[in-house]
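Q: Fold the following for me, if possible:
(one chain, ligands or ions: 1)
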Amino acid sequence: MKTGDTFVANVPGAHLRIVVAGPCPHGNVLYVGVTSDPGGLDHTCPVQPEDHPDIHHNSFIHFGDAVIGSAAALDFAIFAKQIVVKEAVSGEVISRIVEGFSASEQARPRYEDFVQGRCSCDRRR
Ligand SMILES: [Zn+2]
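A: A predicted model of the protein is given here:
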């Protein structure tokens with residue numbers, strides 16, 4: 001998995017997740033979910049159906065839900081059919097999400113740093 005790739009968990013109703021950055025030198029990638037849930041919505045970065053075939057109505061990037069995880073583990077999850085790969089998003093969509101990490105109040109600093117190419121995988125969390 002690399003920047004721009006997308007996937008969903010292999011369960012009904014799973015939200016699309018987008019790899020926004022990485023892999024870093026430690027083999028980790030950062031990914032975020034797309035949500036249209038009204039609760040606690042972060043309106044920083046809207047995404048529309050024209051941005052991806054699996055976005056069916058106006059939605060938002062859920063910055064507070066970002067994950068930094070092993071790209072190899074994701075690749076294994078694909079192999080194990082725990083997640084399903086979807087169509088990649090454009091660089092333009094990735095740029096908007098990256099900008100959102102700077103603007104969103106829900107984006108934690110460590111994640112914003114990762115998106116900017118400054119990972120802290122070798123430090124304690
Ligand atoms: Zn790293």
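Q: which residues of the chain fall in helices?
A: Per DSSP state H, the chain carries helices over the ranges 71-79, 91-103, 109-115.
Q: Tell me which residues are up against the second one.
A: In this structure, residues lying in contact with helix 91-103 by C-beta atoms under 8 Å, 6 or more residues apart in numbering are 3-4, 18, 20-21, 32, 44-45, 47, 51-52, 61, 63, 66, 107, 111-112, 115-116. (Glycine included, C-beta is placed from N, CA and C.)
Q: Would you list the buried entries among the residues you listed?
A: Using 16 or more other C-beta atoms under 10 Å as the burial test, the contacts of helix 91-103 include 3-4, 18, 20-21, 32, 44-45, 47, 51-52, 61, 63, 66, 107, 111-112, 115 as buried.
Q: What parts of the chain come near the ion?
A: Residues of the chain lying near the ion by C-beta under 5 Å from the ion: C24, H26, C119, C121.
Q: Report the spatially closest residue to the second one, excluding sequence-adjacent ones.
A: This means H26. C121 (4.0 Å; C-beta to C-beta, 6 or more residues apart in numbering).
Q: is it true that that neighbour touches C24?
A: Yes - C121 lies in contact with C24 (C-beta atoms under 8 Å); the separation is 6.4 Å.
Q: got the contact list for the nearest residue to D75 once chain neighbours are set aside?
A: Distances taken as C-beta to C-beta, 6+ apart put M1 closest to D75, at 6.3 Å, once the chain neighbours are dropped. Contacts for M1 (C-beta under 8 Å, 6+ apart) come out as F7, V19, P23, V29, Y31, A71, L74, D75, I78.
Q: Please save the CA atoms from stretch 92-107 in PDB.
A: These are the backbone C-alpha positions of stretch 92-107, laid out as PDB (Å, rounded to 0.1, in the frame of the first residue of the first chain):
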ATOM      1  CA  GLU A  92      -5.500  16.400  -6.300                       C
ATOM      2  CA  VAL A  93      -7.600  14.600  -3.700                       C
ATOM      3  CA  ILE A  94      -4.500  13.600  -1.700                       C
ATOM      4  CA  SER A  95      -3.300  17.300  -1.800                       C
ATOM      5  CA  ARG A  96      -6.600  18.400  -0.400                       C
ATOM      6  CA  ILE A  97      -6.400  15.900   2.400                       C
ATOM      7  CA  VAL A  98      -2.800  16.800   3.200                       C
ATOM      8  CA  GLU A  99      -3.900  20.500   3.500                       C
ATOM      9  CA  GLY A 100      -6.700  19.400   5.800                       C
ATOM     10  CA  PHE A 101      -4.200  17.800   8.200                       C
ATOM     11  CA  SER A 102      -2.800  21.300   8.800                       C
ATOM     12  CA  ALA A 103      -6.300  22.900   9.100                       C
ATOM     13  CA  SER A 104      -8.200  20.300  11.100                       C
ATOM     14  CA  GLU A 105      -8.500  20.700  14.800                       C
ATOM     15  CA  GLN A 106      -9.000  16.900  15.000                       C
ATOM     16  CA  ALA A 107      -5.700  16.100  13.400                       C
END
